[in-house]
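In: Pasting the sequence and the predicted coordinates here, then a few questions.
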Amino acid sequence: MTLNHLGCTFLITSDQFIITSFAMILMVPSAFPVYQREVNNRMYKPSAYFWANTISSILSYMLYPILVSLLTFWFLDFADSSFLAFLEWLGVLSYSAFAGLCFG
């Protein structure tokens, strides 16, 4: 793999982290009034709110790594182009996106 491919691979994997972390960070100001209302009602604790928010976000933000891995795996022309290698590539992108989701 050439250096251009390695740089592209680095940018693709870091993009997963950045996109999901920015999405979660930008969600906080828009969801703050809902959060305040729910906490003031004392129906549940703040940790339950954030756990529910993170779990619901996982469902929507995990589609992005799947689409990116489908588009980039064969474009990068890895030496091993088997289905197992594709699943490994999908796992790397998904773990990176999940880390960004939890970081945000």
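Out: That came in fine, so what should we check first?
In: Scan this protein for its longest helix.
Out: For the chain, the helix with the greatest residue count under DSSP state H is helix 3-41.
In: Now that one: buried residues?
Out: Within helix 3-41, the residues that count as buried by 16 or more other CB atoms under 10 Å are Thr9, Ile12, Thr13, Asp15, Gln16, Phe17, Ile19, Thr20, Ser21, Ala23, Met24, Glu38. (Glycine included, C-beta is placed from N, CA and C.)
In: Make sure the last one is actually in contact with Ala52.
Out: No: with the criterion set as CB atoms under 8 Å, Glu38 and Ala52 do not qualify as a contacting pair; they are 9.9 Å apart.
In: about what we covered before: return the member of the buried residues of helix 3-41 nearest to Leu71.
Out: Nearest to Leu71 among the buried residues of helix 3-41 is Ile12, at 9.6 Å by CB to CB.
In: Leaving out the residues flanking it, which one is nearest to the closest one?
Out: Excluding the flanking residues, the one nearest Ile12 by CB to CB, 6 or more residues apart in numbering is Thr72, at 5.6 Å.
In: Great, nothing more from me.
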